[in-house]
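Novice: sharing a model prediction with you, sequence too.
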Amino acid sequence: MGRDEYQFAEIEKKWQARWEELRLFEAREEDPRPKCYVLCMYPYPSGVLHMGHVINYTIGDVIVRYKLLRGFKVLSPMGWDSFGLPAENAAIRTGVHPHEFTERNIARMTTQMTRAGWGYDWDREVATSHPDYYRWTQWFFLKFLEKGLAFKKKAPVNWCPSCQTVLANEQVKEGCCERCGTQVEQKDMDQWFFKMSAYAQRLLDNHAKLEAGWPESVIKLQKEWIGRSEGARIFFKVAETGDEIPVFTTRPDTLWGVTFLSLAPEHPLVEKLVRGTEHEARVMEAVREMRAAGTSEKELAEREKVGVFTGFHVINPVNGEQVPLWVANFALMTYGTGAVMSVPAHDQRDFEFARKYDIPIRVVIEPEGQELDPDTMEEAYTEPGTMTASGPFTGRKNTEAMRDIIAWLSEHRLGEAEINYKLRDWLISRQRYWGAPIPVVYCDTCGIVPVPEEDLPVLLPTDVQFVEGAGNPLATSASFVNTTCPKCGGPARRETDTMDTFVDSSWYFLRYCDPHNGDRCFGDEAVRHWMPVDQYIGGIEHATMHLIYARFFTMVLHDLGLVDFDEPFTRLFCQGMVCKTAYYCQTHKYIPEDQVTGGHREGDAIVGGTCALCGGPVTSEMTKISKSKLNIVDPDAMMDRFGADTVRLYMLSDAPPDRMQIWSENGINGAWRTVNRLWSLVVSNLGALSAMDEQVPGDLDDTGREIRRRTHQAITKVTSAIEGGFQFNTAIARCNELLNLVRSSEGRIHPAVLRETLETVLKIVSPIIPHMAEELWERMGHRESIFTSGWPEADPAVAAEEQIEIPVQVNGKVRSRLHVAPDVAREELERMALADERVQRFIGDKRVVKVIVVPGRLINVAVK
RNA sequence: GCCGGAGUGGCGGAACGGAAGACGCAGAGGACUUAAAAUCCUUUGGCCGUACGGCCGUGCGGGUUCGAAUCCCGCCUCCGGCACCA
């Protein structure tokens, strides 16, 4: 009893303290080892660790420890994305100041993280809500402003008139405010932007640099998000007023088929045109209806396509024809010019709209040898074809004529070639308290005046009221708002918008390199030393937003001469989400598993159960672990029951880490058993081990040679499983195989071989179950941490097979097996195969057509 | 609708174009125990057969190949992402 028991709580605490003493995760520039910067996306300090963090940070920690074993000095920092809405909502709800709320959560989560055994250089901790951090966020804003990359423009926001506040898309539910149910309005507000669109092409081009280290799917998603499209800008004019309406189109070849033009509801021309006309009331009412929903793109996508005729017409520049001008909710102010030319014959959406509103359809592209009739067409014709009724281009193939059409348009000054991007400028203004204040003041005489650098940080005031329905709390602080103009000394007002938290997270990886620098955002030397990040790890949900913002920000910093690279993350890994069965009852919606009664288990799900509250039937689904689906797993409780090592092992042992992980009680039990079996195998054999320096004898028996062979093969396999895409599940399987073999040969293994094998296993599992590996390593007589002992190296001579089994197929079906030395020649293999009695039987009286010999793999005899 | 990813035993999943189902879970049988839990051993894709063994089998249908879970074409289903992109 006692010492030989696996007492994980004690062991884990002991080694966490030891690592701290050893400063195992301290990263020093003067350390001569090569550097490796391993970074996990920092968390919002919600106060509790969830399973998403556990998988993310466990993967990160395994890589950190693996790199340590491989002889790198590893930079492994951790910090807090500590600005954001939840703290402010909590303040409104409970009266606790966001700062206090945040600090409390940070303290709680730090404890949980340490307990999980994740190793960080805590001296480098940053929190974006601390003034010594946001001072530099503000400083970057000033640099962007100087460069003309920060600017103000009007943009529509979701506005709740009752809360007097701007809502995030997430807070808008079916067009209404989530909190009070009031109908949300679209309101145009003056907002700060970063000119990210100017970097669209570069963000696209630079993907070439990332192809080697980023998942292909993320690059694809970003390409789609940036959305480059080539086409033309074409100048239409309003027939009645002469106002010019430029339109972007990717299909200038269909220009002769335009039968109407549509403006976005928020297009400024709409109001200008109809004001004071007979159409005003009708059109503006329709516009108001179209704008009555939220600004979320999803909402825009799912709503029905509607429009209203403005009463005006536009002139098609290529043929002088007048076509009606509409306002339509499918025209987006945020893309292109906010105006769309519509060709119902060759665009499905336009086709449906035209049929709905009885707008003419004109065919200008026809398929080979076929005539299209606008009256009987059932869908738009979008394939390539021959142009008809298209002026000088009639008779040409549309795909081939495209370039000439654009040249012709610009020659006649009717249009010009244009490239458009879906990527928009980055709206950074937030009408919130808990964020970095945008460092500008408004002066009646001088206008917008940046706060001088030496006056940074612009601190968040404390005399603020957090009251529901009062709008931005920051605007309630008189001491904050009222200031003097830095230029003229006259009275001025401070900007009360704060910055999007994505601005904070666009440079935190740089601050980690030099976190205590009080004079600069970071030192050149430190950043040159550690950056770029060698391995970044985080959720796929950040594929577009965060990862594009951070790339853009880094490019700007590069252009400002602040860093000498323009891509921050060399390699990226995205882990899968953690899922678990959730249960749903018609009346009580999602219910926790312990509220399901009866039924039977089918795998991890209870099938045919009933709701404990109402007796109604319960259905199950496998879905992402979340509070709202009541299927959460508390990592802390799991670590209480099984210890951190078991939880870590389980997270990695079942599926490849980039796939969905399924949390099951059976699964964690299996990991628990695995960990215990390793423990008892080592502990029970401690007495049988040889002295630490005893050599493996030269004349080893079969068992010894076999065990050594498998051990050295395991090293190779585990190493390549980790290097080739973090396949920890197969790495763990290889260790299990080896341990199973050792167990079945127990008592017959030479002590020196046993030591070699157990030490090897401990090393290769140490990144995954570090506490147990350290403890057993120590009990085997080692004085130094296993993480300073180096990664094992396989000896090819030891790993080489003495005899191999080669399957012999006849017509692709295995009929026999040959046992041969690995270097038997091709001819000899063929001879042996054909001579084989079983093979002979299956050849029978058929004719051997061909014999395929893959040395070392298999033989296939093709017969007819 | 568009884009991306995935479909393999009862389950999670293995498998450079070369032995399908590694490793683990669950199940069955057994040992230990007064008993249970824990642990250990055996067994486990389906069908036929007493057996040696044979046949079938990686979502469906074709194709390439001596050989396909893997490559190609066409479909189906599920998951994820999305901003009607003119």
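Specialist: Yep, that arrived.
Novice: drop to CA atoms for contacts and neighbour counts, all remaining ones
Specialist: Fine.
Novice: domain assignment for chain A?
Specialist: Chain A is divided into the following domains under automatic domain parsing: A:34-140+A:502-575, A:153-196+A:426-500, A:228-421, A:693-799, A:804-863.
Novice: how far does the third one stretch from start to finish?
Specialist: Right, domain A:228-421. 4 Å (Cα to Cα, to the nearest Å).
Novice: same question for the fourth one.
Specialist: Domain A:693-799 has an end-to-end distance of 21 Å (criterion: Cα to Cα).
Novice: switch the domains of chain A over to a markdown table; also include distance to RNA strand B, mean pLDDT and mean neighbour count.
Specialist: Shown next, in a markdown table, are these (distance: least, Cα to the nearest atom of the strand, whole Å; pLDDT from 0 to 100; neighbours: other Cα atoms under 10 Å):
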| stretch | distance to RNA strand B | mean pLDDT | mean neighbour count |
| --- | --- | --- | --- |
| domain A:34-140+A:502-575 | 6 | 93 | 20 |
| domain A:153-196+A:426-500 | 10 | 87 | 19 |
| domain A:228-421 | 3 | 88 | 18 |
| domain A:693-799 | 4 | 93 | 18 |
| domain A:804-863 | 5 | 87 | 16 |
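Novice: of those domains, which is nearest residue A:7?
Specialist: Minimum separation from residue A:7 across the domains of chain A (Cα to Cα) falls at domain A:693-799, 9.7 Å.
Novice: and that closest one, how far from the chain's centre?
Specialist: On the basis of Cα atoms, centre = their mean, to the nearest Å, domain A:693-799 is displaced by 35 Å from the centre of the chain it belongs to.
Novice: stretch A:465-475 now?
Specialist: Worked out by Cα atoms, centre = their mean, stretch A:465-475 lies 33 Å from the chain centre.
Novice: end-to-end on it?
Specialist: So stretch A:465-475: terminal residues 9 Å apart, Cα to Cα.
Novice: one more: stretch A:90-100?
Specialist: The first-to-last residue distance of stretch A:90-100 comes to 11 Å (Cα to Cα).
Novice: tell me the spacing between the nearest residue to residue A:373 once chain neighbours are set aside and residue A:754.
Specialist: Once flanking residues are discounted, residue A:373 sits nearest to residue A:363: 7.6 Å by Cα to Cα, 6 or more residues apart in numbering. Distance, residue A:363 to residue A:754, using Cα to Cα: 81 Å.
Novice: and residue A:177, by the same measure?
Specialist: 67 Å.
Novice: same question for residue A:271.
Specialist: When residue A:271 is compared with residue A:754 (using Cα to Cα), they lie 85 Å apart.
Novice: contacting residues for the residue nearest the centre of chain A?
Specialist: For chain A, the residue nearest the mean C-alpha position is residue A:540 (2.4 Å; Cα atoms, centre = their mean). Applying Cα atoms under 8 Å, 6 or more residues apart in numbering to residue A:540 gives the contacts A:218, A:574, A:575, A:576.
Novice: next SSE after the host helix or strand of residue A:677?
Specialist: Following DSSP states H and E, one finds residue A:677 within helix A:665-685. Counting by DSSP H and E, the next helix or strand C-terminal to helix A:665-685 is helix A:702-723.
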